[in-house]
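In: Okay, structure incoming, though there's no sequence with it:
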């Protein structure tokens with residue numbers, strides 16, 4: 001992140017997680033799953049109307065993903081090489097719009113950084129809760145997983161939750 005631009009500046013923050021560190025069964029032995037993303041701060045206008053098969057789209061996608069790759073290389077050090085990645089799935093706002101049915105390819109709630117906070121999990125219906133990218137703690141796989149854990153632990157105790165997870169083999 002460039003400190004003088006703030007967290008809401010276009011492509012100024014990259015979030016990185018390696019989920020199989022906590023859940024080894026998510027990747028084959030000796031391999032890792034790497035998830036990196038920018039928090040949806042780039043303007044949709046750059047993508048709007050582009051044909052996903054066009055050279056312009058592919059160029060914009062490569063340029064946009066380079067920000068993430070450079071951040072991953074910086075975080076993981078000289079032993080990491082993007083060329084060694086066996087599977088690369090790069091999404092764009094058009095990917096989110098198409099597969100997640102999200103307006104203008106966004107995710108999470110419409111909020112002003114520093115002015116709003118993520119909504120909680122409760123609803124007017126007893127024991128019906130919200131979880132996911134539009135609730136606290138926010139967007140991204142780690143935050144969404146935490147959202148689900150928060151809701152689960154609000155419905156049953158942590159020990160009951162662990163027993164239920166053990167019962168279904170997770």
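Out: Good, I have the coordinates. Just so you know, these numbers come straight off a predicted model, no measurement behind them. Numbering: from 1, shown residues only.
In: For the helix ranked longest in the chain, which helices and strands make contact with it?
Out: If you go by DSSP state H, the chain has its longest helix at helix 55-76. Contacts defined by 3 or more C-beta pairs under 8 Å, 6 or more residues apart in numbering; DSSP states H and E place helix 55-76 against strand 15-17, strand 35-37. (C-beta placed from N, C-alpha, C; glycine too.)
In: okay but residue 104 is in contact with residue 46, surely?
Out: No: between residue 104 and residue 46 there is no contact under C-beta atoms under 8 Å: 11.1 Å.
In: coming back round to it: touching the helix or strand following the longest helix of the chain from outside, list them.
Out: Next in sequence after helix 55-76, counting helices and strands by DSSP states H and E, comes helix 93-100. Residues outside helix 93-100 that contact it (C-beta atoms under 8 Å, 6 or more residues apart in numbering) are 40, 42, 44, 47, 50, 52, 57, 102-107.
In: run the last query once more with 6 Å
Out: Helix 93-100 has contacts (C-beta atoms under 6 Å, 6 or more residues apart in numbering) with 44, 47, 52, 102, 105.
In: Please pick out the residue of this protein most distant from its centre.
Out: residue 126 (29.0 Å; C-alpha atoms, centre = their mean).
In: looking at this, that residue is in a strand?
Out: No: assessed with DSSP: H, G, I helix; E, B strand; the rest coil, residue 126 is coil; it does not lie in a strand.
In: mind checking pLDDT for it?
Out: If you check residue 126, the pLDDT there is 88.
In: For it, give its distance to residue 155.
Out: 11 Å (C-beta to C-beta, to the nearest Å).
In: now do residue 100
Out: In terms of C-beta to C-beta, residue 100 sits 26 Å off from residue 155.
In: again with residue 76
Out: From residue 76 to residue 155 the distance is 37 Å (C-beta to C-beta).
In: now do residue 64
Out: Plainly put, residue 64 is 39 Å away from residue 155 if you go by C-beta to C-beta.
In: ok, now residue 103?
Out: 30 Å.
In: Same question for residue 16.
Out: Taking C-beta to C-beta, one finds residue 16 at 31 Å from residue 155.
In: ok, residue 154 - how many residues close by?
Out: By other C-beta atoms under 10 Å, 15 other residues sit near residue 154.
In: got the buried residues for the longest helix of the chain?
Out: When burial is assessed from 16 or more other C-beta atoms under 10 Å, helix 55-76 yields the following buried residues: 60, 61, 64, 65, 67, 68, 69, 71, 72.
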